[in-house]
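Engineer: Sequence and predicted structure below; questions after.
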Amino acid sequence: MQNNLFIYNSLSKKKELFIPLHEPFVGLYVCGPTVYSNAHLGHARPAILFDLLDRYLLHLGYKVRYVRNITDVGHLEDENAGEGEDRITKKARQEKLEPMEVVQKYLNTYHKNLEQLNTLPPSIEPRASGHIIEQQELIKEILDKGFAYVVNGSVYFDVLKYNGKYNYGKLSGRILEDLQSNTRVLDGQDEKRNSFDFALWKKAAPEHIMKWPSPWSIGFPGWHLECSAMSTKYLGEEFDIHGGGMDLMFPHHECEIAQSTAAHGKESVRYWIHNNMITINGQKMARSLGNFITLDQLFSGDHPMLLQPYSPMTIRFFILQAHYRSTVDFSNEALQAAEKGLQKLMKAVSTLNKLKAADSSAFDTEKLKEKCYEALNDDLNSPVLLSHLFEAVKFINSVSDGNEKIDEAGLKAIKELFNTFIFGILGLKDETKGKEDEHLTGELINIIVDLRQDAKNRKEWDVSDKIRQTLKELGIVIKDRKDGADWERE
RNA sequence: GGUCGGUUAACCGAGUGGCUAGGUAGCGGUCUGCAAAACCGUUUACGGCGGUUCGAAUCCGCCACCGACCUCCA
């Protein structure tokens, strides 16, 4: 199997040719959300980027195992000793729910939203709470190798010792001395040998709800452990691609690298891919900043900053129109432009299906196809891919207007091309189709009911009865009222 | 303060040392009974100052501004 896909590896900071470890299999691990509130626009970005990657790899013929975790154990709200309460527990207390009810509630909307965005589901969606044993096993391994220490029932990763043998900070470009001098001094860290050490296992306070027994204490796993444990379980000690948002690079992914390397004695991830942030008024959109717009709000238009609702495909197109390593700034103007652009593309698809073949063609579909692959192979450059597709749109419209010609073969090729790239790889779909048909049907029935009323007015009862009967057979019931007639579906 | 990244026309957003990205909006035209759509043409660009080069928005340096990470975060 051959490909020419170059992806930007955050670890080497270079575009590298993608070569999977065990062809034709590809292992892809992506950090999913912590489910304690509704998914917002920012969550859509990695979902769509890695869906694009998943779809493209599948298209190239790889067998992809796509693992995307759900963090349902929660992270500490603040690190001050004793006051730390994890976000899920906090939400559970606020909403008077079981922690797992909180998790389920927001996991359900997350799934619904991602389906609306037309992302393919991952192959495995493991949850942190379901892998406590695996996480404990990993802690034991790290302890055995001497890269962790136990204090008062908690286990901490010994960064300094790790850094003596390996290189802590290689992904995010941190230097340990800098970290030492720059890290804020926080209270309650006296258990740690160094401020940059991080917890693998935390002893739980008595009032803590989510806790499990372990050799060290009744407690809960550390913040970064789940990804190391679950990626190893489902993809192996070494696997191809690990993805996530740029904001996770440090400390989350850095700690993951340290944990896995400490336990297995080797690097686990071959290609790190990080998507950039979505900003709003130039600032990162984040739950903790309170400046987010949820996907449900975008789809319904129910948010003070939204001038109108935006459909899931508009959001998808909007995100695909920017390269994943750039920030994208939210604005109504930009989303409206995306909406129009998507409409233009979809309209061209239906125009294409109506085109008549001529005996000659002035369009080089082979060349276009090449350029499309080139764009994707160049670090998944979806905006450039779209710009190439719009060249074809222009040509299709010209043919439709009679200014250009396309032959049978060209027509077939361009249909295939559109099908592959627009629907198959970019994962777009025509949202107007169903709605239009629905609407059209309604209007057609209105006309028929109107004509029946005319017949009734002329006392042409056989005609009006025939219409009523025929419609009934189709499941449309006419209800005569004093001033005209209504209809409804059975 | 440390590390990293960004600054492209009205808006969004690509980009290679020399060749019109693309989308949206605007303007003019073609088509059309009217309108819409479509098509053709078209106006505002590469933060500032230097340097390298025959030539730089693209490479280098300095400056300005913005942002991300350094705490949970997609």
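Structural biologist: Yes, it's here. Residues are numbered from 1 along each chain as shown, chains lettered A, B, ... in the order given.
Engineer: How is chain A divided into domains?
Structural biologist: A:6-275, A:280-425, A:432-489 (automatic domain parsing).
Engineer: Select from these the stretch with the lowest mean pLDDT.
Structural biologist: Per-stretch mean pLDDT for the domains of chain A is lowest at domain A:432-489 (a mean of 76).
Engineer: about what we covered before: let me know which of the domains of chain A is tucked in deepest.
Structural biologist: With neighbours taken as mean count of other C-beta atoms under 10 Å, the domains of chain A reach their highest mean count in domain A:6-275, at a mean of 19. In this view, the C-beta of every residue, glycine as well, is placed from N, C-alpha and C.
Engineer: Mind checking if that domain is in reach of RNA strand B?
Structural biologist: Yes - for domain A:6-275, a contact with RNA strand B is found by C-beta under 7 Å from any atom of the strand, at A:13, A:31-34, A:42-43, A:45-46, A:71, A:75-76, A:79, A:87, A:172-175, A:178-179, A:182-184, A:198, A:223, A:244-252, A:275.
Engineer: Just the closest residue of the stretch 301-450 of chain A to RNA strand B, please.
Structural biologist: A:G341 (2.4 Å; C-beta to the nearest atom of the strand).
Engineer: Can I take it that that residue is in a helix?
Structural biologist: Yes - assessed with DSSP: H, G, I helix; E, B strand; the rest coil, A:G341 lies in a helix.
Engineer: quick one, strands of the stretch 101-250 of chain A?
Structural biologist: A:148-151, A:154-157, A:198-203, A:219-221, A:239-245 (DSSP state E, counting those that start in this stretch).
Engineer: What of the stretch 351-490 of chain A?
Structural biologist: Going by DSSP E, counting those that start in this stretch, the stretch 351-490 of chain A shows strands at A:476-481, A:484-489.
Engineer: Now tabulate those in CSV and tack on distance to RNA strand B.
Structural biologist: Listed next are these as CSV, based on distance: least, C-beta to the nearest atom of the strand, whole Å:
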stretch, distance to RNA strand B
strand A:476-481, 30
strand A:484-489, 28
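Engineer: ok, now which ones touch the closest residue to RNA strand B within the stretch 101-250 of chain A?
Structural biologist: The minimum distance from the stretch 101-250 of chain A to RNA strand B, using C-beta to the nearest atom of the strand, falls at A:G245 (2.2 Å). Listed by C-beta atoms under 8 Å, 6 or more residues apart in numbering, the contact partners of A:G245 are A:C31, A:G42, A:R45, A:P46, A:H274, A:N275, A:M277.
Engineer: Check the gap between it and A:I19 for me.
Structural biologist: Here A:G245 is placed at a distance of 25 Å from A:I19 (C-beta to C-beta, to the nearest Å).
Engineer: same check, this time on A:D378
Structural biologist: 17 Å.
Engineer: swap in A:P213?
Structural biologist: 43 Å.
Engineer: same question, A:V103
Structural biologist: 37 Å.
Engineer: Over to A:Q308?
Structural biologist: From A:Q308 to A:I19 the distance is 45 Å (C-beta to C-beta).
Engineer: Would you agree A:K405 is in contact with A:A362?
Structural biologist: Yes - assessed by C-beta atoms under 8 Å, A:K405 is found in contact with A:A362 at 6.1 Å.
Engineer: Would you map the helices across the stretch 101-250 of chain A?
Structural biologist: A:132-144, A:159-165, A:176-182, A:225-235 (DSSP state H, counting those that start in this stretch).
Engineer: quick one: stretch A:416-433 to chain centroid distance?
Structural biologist: 18 Å (C-alpha atoms, centre = their mean, to the nearest Å).
Engineer: cool, and stretch A:447-457?
Structural biologist: 51 Å.
Engineer: what's that stretch in contact with?
Structural biologist: A:V463, A:S464, A:I467, A:R468, A:L471, A:I478, A:G484, A:A485, A:W487.
Engineer: hmm, try it at 10 Å
Structural biologist: For stretch A:447-457, the surrounding residues in contact (C-beta atoms under 10 Å, 6 or more residues apart in numbering) are A:460-468, A:470-471, A:476, A:478-480, A:484-487.
Engineer: Overlap of the contact sets of A:K405 and A:A362?
Structural biologist: Counting by C-beta under 10 Å, 6+ apart, the residues touching both A:K405 and A:A362 are A:S398, A:V399.
Engineer: Look up which helix or strand the residue positioned nearest the centre of chain A falls in, please.
Structural biologist: Closest residue to the average C-alpha location of chain A: A:A47 at 0.9 Å, with C-alpha atoms, centre = their mean. Assigned by DSSP states H and E, A:A47 belongs to helix A:41-59.
Engineer: Now do that helix against strand A:239-245, angle only.
Structural biologist: Counting by axes from the mean of the first three to the mean of the last three C-alpha atoms, to 10 degrees, helix A:41-59 lies at 160 degrees to strand A:239-245.
Engineer: Just give the nearest non-adjacent residue to A:S129, would you?
Structural biologist: A:D72 (5.0 Å; C-beta to C-beta, 6 or more residues apart in numbering).
Engineer: Quick one: residues contacting the one you found.
Structural biologist: Counted by C-beta under 10 Å, 6+ apart, A:D72 has contacts A:32-36, A:88, A:99-100, A:102-104, A:106-107, A:127-130, A:210, A:226.
Engineer: Go again with 6 Å.
Structural biologist: Applying C-beta atoms under 6 Å, 6 or more residues apart in numbering to A:D72 gives the contacts A:V35, A:V103, A:R127, A:A128, A:S129.
Engineer: From A:S37, how far off is it?
Structural biologist: 13 Å.
Engineer: Please apply the same query to A:S382.
Structural biologist: 28 Å.
Engineer: One more: A:A92?
Structural biologist: From A:A92 to A:S37 the distance is 12 Å (C-beta to C-beta).
Engineer: rewinding a little: out of the strands of the stretch 351-490 of chain A, which is closest to A:L58?
Structural biologist: Ranking the strands of the stretch 351-490 of chain A by distance to A:L58, with C-beta to C-beta as the measure, places strand A:484-489 first at 38.6 Å.
Engineer: Give me the helices and strands touching the closest one, please.
Structural biologist: Other helices and strands packing on strand A:484-489, by 3 or more C-beta pairs under 6 Å, 6 or more residues apart in numbering; DSSP states H and E, are helix A:432-457, strand A:476-481.
Engineer: give me that answer again for 10 Å
Structural biologist: Packing partners of strand A:484-489 (3 or more C-beta pairs under 10 Å, 6 or more residues apart in numbering; DSSP states H and E): helix A:432-457, helix A:461-473, strand A:476-481.
Engineer: Paired strands for the shortest one, with orientation please.
Structural biologist: As defined by DSSP bridges, the strand partners of strand A:476-481 come to strand A:484-489 (antiparallel).
Engineer: Figure out how far the strand it pairs with is from the centre of its chain.
Structural biologist: Counting by C-alpha atoms, centre = their mean, strand A:484-489 comes out at 43 Å from the chain centroid.
Engineer: what sits up against that strand?
Structural biologist: Taking C-beta under 10 Å, 6+ apart as the rule, strand A:484-489 contacts A:441-442, A:445-446, A:448-450, A:452-453, A:456, A:464, A:468, A:471, A:474-480.
Engineer: switch the cut-off to 6 Å
Structural biologist: With C-beta under 6 Å, 6+ apart, strand A:484-489 has contacts from A:I445, A:V449, A:Q453, A:G475, A:I476, A:V477, A:I478, A:K479.
Engineer: Next up, the contacts around the first one.
Structural biologist: Taking C-beta under 6 Å, 6+ apart as the criterion, A:I445 is in contact with A:W487.
Engineer: again, only this time at 10 Å
Structural biologist: Contacts of A:I445 (C-beta under 10 Å, 6+ apart): A:L471, A:L474, A:I476, A:I478, A:W487, A:E488, A:R489.
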